[in-house]
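Peer 1: quick one, fold the following:
(chains A, B and C)
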Amino acid sequence: MSQVPLSHILIVSTALFFIGMYGLFTRRNMITMLMSVELILNSVNINFVAFNKYLYPAQLEGVFFTLFIIAIAAAEAAVAIAIFINLYRNFHSIDVEGTGEMKF
Amino acid sequence: MPNYAYIVLIPLLPLAGFVVLGLFGRRYFRRFSGIIGTALGLVAAGLALWVAYGYFFDWGKLNGAYRPIIATDVPWLTFSSGLSIDMSIVLDPISVMMIVVVTFVSLMVHIFSLGYMKGEERFATYYAFLGLFTFSMLGLVLSGNLFETYIFWELVGCSSFLLIGYYYDRPTAVAAAKKAFIVTRFADLGFLIGILILSFHAETLDIRTLIHRLAEPGPQLTSITTASFLGISALSWGLILVFVGGAGKSALFPLHIWLPDAMEGPTPVSALIHAATMVVAGVYLVARLYPVYVYAGPAVLQVVLYVGAVSAFLAAIIACTQTDIKRVLAYSTMSQIGYMMFALGTWRPDGEAAGLGYTASMFHLFTHAFFKALLFLCAGVIIHRVHSNEMKDMGGLRKLLPLTHICFLVGCLAIAGIPPFSGFFSKEDILLAAWHANKLVYGIGLFTSGLTAFYMFKLYFSIFWGRPVQDAGGHHGEAPMTLKIPLVILALGAIFAGWVPFSRLVTYNGLPQESHGIGVFAIAPVTLAIIGVLIAGYLYRRESGRPARAAAAMGGLYRVAYHKFYIDEVYSFITKKIIFNFIGRPAAWIDRNIVDGLMNLLATVIARISAGIKGVQSGRVQDYVLYFFAGIAGLAVLFIYIYT
Amino acid sequence: MSASAVIFYMLAFFILATGLLAVTSRKIFRSAIWLLFSLTGIAGLYFWLQMEFIAAVQIVVYVGGIVVLIIFSIFLTQQSGKDLPAPARGRPVVSALLVCAGFVLTRLLLGHYAFRPSGHSVAGAGAGAGNMGANASVGNIGAQLLSTSEHGYVLPFEVISILLLAAMIGCIAISIKIKPEDK
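Peer 2: Numbering: from 1, shown residues only, chains lettered A, B, ... in the order given. As a prediction, this is how the structure comes out:
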């Protein structure tokens, strides 16, 4: 573990974050957008854990944050899916292009 | 130093009348507004007479000469020491005389209107306007600051507009009011520029200081005489422009076109404004600034002289051909004002007639107020009785309207200059001054006085002699008492006003002058006047074809004079064809297309930009995420790279 | 280059590659599976960092819960065999550019900051029951999670449980079907 400097892990998490962003911008299907959001959240988790391990080895704050983030991500994914199902019932599609009703 | 602050009540009482009657008269005081207005006028007239008595006979003299007294001086807008608009009241011989004249004639008109305008729907408004006019006129004559004069000048014009257009449902009255206002406003432009020129060089707006600086050698006089434009010195320009303003208000040629049309107003209004008081404002203005006019050299005074003379002559010729009684009186007013103006133009610094023109002009102003107001009020009674303004509808009225007949005769004798009526004395002084100054003008004045006698007595004979008109019946008596009292009082004034020792009281330098004997000089004008009366009697005393034959004999000249020398047509041509077409139309085009177009362009551009921007709110979640991310990135850059 | 470094780089490559495939895949089911792999890779990373508990939680909750949920929702809402519609024209290019720019910016930012390892000493006064040592065992995590002393997390714990409750009720409320004959 000590051979890999902290910055490399941060590069991984940053890259994962921006991959998630790219997916968020590009994907038309709402479920795939949700998947991109999960990637983003995971990149944050990696950051927390890495900081905890490298900078504050005597404490567990990062662990707790990660746990909470995982819990909240789960709740959020559940609610999001519920919304998608509701949308699907009304519009018979979960293409995000079709949901632009609140526009000018 | 006695306290003169009570003098400010004289203009303020009519103003109070205006405010009260204007705001509340319609609803609360409909029938009493006349009484209120008249009561205020009575108090003001009493105060004016009291002040006049005190000034002329008690405390006005210092070292044997009447001096100007500053009654109050309230600094109002002070921009710098040289540009300060103060509200000041100045008493000097002409202003005291004027307040007596104005309040007295105004009082007579108030009383007359009690009966004449009775039953009018807007009775209270009428009295309110009369109060406004009286206030403005009093303010004008009492003001000691040139800009204050201008303010009251405009107010007087405004009151005139309101009163001419009093019957606003008549299109002719509305048109006449507009014409009066526009013509005088146009002249006032000249007045304003004149004020600016004079006050700029004299570095003051206070009249006394201005006279002091521009009529005696000093730095201001040097600066104003060296500055010149098109070869004429700034002083001359200033004075001529001020005179233009006065000429507009006094209906001198060629700015006289509004005065005959102003007869659309009620007859008491014509008596007050367009005979006795407002139209003399121009003469008063020149008299106010007289030392400057005198000192500026002969050129400006020549302008004054000739404009006055031409106006007098022209108006007399036109008056000979008119058939509307009020129009005849209007042109006669213009003619008499011409007399007053050219009297001012005859300045001789020394000799037998030193300063006579000034005194004569003011004297004629004084007497003219009486007999012209008298004539107009009599005309009011006649018109009221006959229900028409045209002379052909009148005739033989001397049996129906005996008192009016006597008073009208008195007025005509006064205006014709028959001794011992008042007009004789003032006209003699004017002709004497003209004789000493300029023989041509004297000749014009002499001939005009003959014409005056002729057309006034033409009017008199046509109305009161000749074939009696069909009486409409149903009129009980001649006129109510409120109509008769002012006639009698004014007639008394017309008879006796000439006996006032004017030359001892009002002179150009305050020193009393001995009045001139009547003497041999009076023979020529009086003879001419009597000849005029006789010709008029011959033509008009009995109904006959003689006037028509005389008119036909003069042919083209008669026609031209009847059409008032086509001056109105010339003005109409200039305004419609030239000004409206070449200036008005392009200006309207610019306003519609460029000014409005600019605004519309601005609106259209904004609408287009808005339509373009609104795509930001696309309703698509991913776009919003993009903006969100862009915002965060921007803020991050800002806070991290720029603020640390 | 020790073995752990090699393992790390392999894991990193795996995570990023599968993540990239997840966001670019044309078929939705494959995208979900690539996501599954990516999350498993992240769990592996946690194992490598010797945070076993987190790794376990990751697998149980994320992989076993969320991805399964996603797959269920894919079945419920559409044909999973069909191709996904392509994104709007130009959007992938613009997004890629933006994302690269963001990545470069963040890297520069991180490069400026020198992360000092363990700058804060273990506070002697705070070394109480809530501040366990470098030992990240389950027992320690549990004890600190529920402790009420200075470094305890019982309050966020309770709050999160309420949140989960609310989320559950909310999901049911959003997606409940009201049968017409029940009205």
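
Peer 1: show me where chain B has strands.
Peer 2: Taking DSSP state E as the test, the strands found in chain B are B:61-62, B:65-66, B:69-80, B:83-91, B:228-229, B:232-233.

Peer 1: pLDDT of the fifth one, averaged?
Peer 2: Model confidence over strand B:228-229 averages 76 on the pLDDT scale.

Peer 1: need the contact list for B:Val279.
Peer 2: With contacts defined as Cβ atoms under 8 Å, 6 or more residues apart in numbering or on different chains, B:Val279 is in contact with B:249-251, B:259, B:273, B:333, B:337. The way it works is simple: take the backbone N, C-alpha and C, and place the C-beta from them, glycine included.

Peer 1: looking at those residues, which is nearest chain A?
Peer 2: B:Lys249 (63.6 Å; Cβ to the nearest Cβ).

Peer 1: correct me, but that closest one touches B:Met278?
Peer 2: Yes. Judged on Cβ atoms under 8 Å, B:Lys249 makes contact with B:Met278 at a distance of 6.8 Å.

Peer 1: more neighbours, these two?
Peer 2: B:Lys249 (29 against 26; other Cβ atoms under 10 Å in any protein chain shown).

Peer 1: what about the residue of chain C at minimum distance from chain A, is that helix, strand or coil?
Peer 2: In chain C, the residue that lies nearest chain A is C:Val23 (3.1 Å; Cβ to the nearest Cβ). When classified by DSSP: H, G, I helix; E, B strand; the rest coil, C:Val23 comes out as helix.

Peer 1: how far away is it from A:Asn47?
Peer 2: Computed as Cβ to Cβ, to the nearest Å, the C:Val23 to A:Asn47 distance reads 19 Å.

Peer 1: looking at those two, which one has more neighbours?
Peer 2: C:Val23 (24 against 20).

Peer 1: helix, strand, or coil at the nearest residue to that one once chain neighbours are set aside?
Peer 2: With sequence-adjacent residues excluded and distances taken as Cβ to Cβ, 6 or more residues apart in numbering or on different chains, C:Val23 is closest to A:Gly23, at 3.1 Å. Per three-state DSSP, the local secondary structure of A:Gly23 is helix.

Peer 1: A:Gly23: what's it in contact with?
Peer 2: A:32-33, A:35-36, A:39, C:22-24.

Peer 1: kindly report the same for B:Thr149.
Peer 2: B:Thr149 touches B:140, B:143, B:207, B:285, B:288, counting by Cβ under 8 Å, 6+ apart.

Peer 1: in the stretch 501-644 of chain B, what spans have low per-residue confidence?
Peer 2: B:510, B:514-518, B:644 (pLDDT under 70).

Peer 1: what of chain A?
Peer 2: A:1-2.

Peer 1: can you check chain C too?
Peer 2: C:79-81, C:117-134, C:181-183.

Peer 1: re the thing from before, nearest to B:Ala524, of the strands of chain B?
Peer 2: strand B:65-66 (32.8 Å; Cβ to Cβ).

Peer 1: adjacent strands (with direction) for the closest one?
Peer 2: Partner strands for strand B:65-66, per DSSP bridges, with pairing direction: strand B:61-62 (antiparallel).

Peer 1: thinking again about what came up before, just the contacts of B:Val279 that are near chain C?
Peer 2: The subset of those within reach of chain C, counting by Cβ under 8 Å from any Cβ of the partner chain, is empty.

Peer 1: chain C: which of these is nearest?
Peer 2: Of the contacts of B:Val279, the one sitting nearest to chain C (Cβ to the nearest Cβ) turns out to be B:Lys249, at 77.6 Å.

Peer 1: contacts only, for C:Val63.
Peer 2: So C:Val63 contacts C:36, C:39-40, C:43 (Cβ under 8 Å, 6+ apart).

Peer 1: let's go with 10 Å and repeat that
Peer 2: C:35-40, C:42-43 (Cβ atoms under 10 Å, 6 or more residues apart in numbering or on different chains).

Peer 1: one step back: got any residues that touch both of B:Lys249 and B:Met278?
Peer 2: By Cβ under 10 Å, 6+ apart, the residues touching both B:Lys249 and B:Met278 are B:140, B:153, B:156-157, B:160, B:184.

Peer 1: turn these into TSV, including pLDDT, neighbour count and distance to chain C.
Peer 2: What follows is these, written out as TSV (pLDDT from 0 to 100; neighbours: other Cβ atoms under 10 Å in any protein chain shown; distance: Cβ to the nearest Cβ, whole Å):
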residue	pLDDT	neighbour count	distance to chain C
B:Leu140	93	28	79
B:Trp153	94	29	74
B:Val156	93	24	76
B:Gly157	92	22	72
B:Ser160	91	28	76
B:Thr184	91	28	73
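
Peer 1: among those residues, name the ones in helices.
Peer 2: B:140, B:153, B:156-157, B:160, B:184 (DSSP state H).

Peer 1: including distance to C:Ile59, could the residues you listed go into JSON lines?
Peer 2: Formatted as JSON lines, these follow (distance: Cβ to Cβ, whole Å):
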{"residue": "B:Leu140", "distance to C:Ile59": "104"}
{"residue": "B:Trp153", "distance to C:Ile59": "100"}
{"residue": "B:Val156", "distance to C:Ile59": "102"}
{"residue": "B:Gly157", "distance to C:Ile59": "99"}
{"residue": "B:Ser160", "distance to C:Ile59": "102"}
{"residue": "B:Thr184", "distance to C:Ile59": "101"}
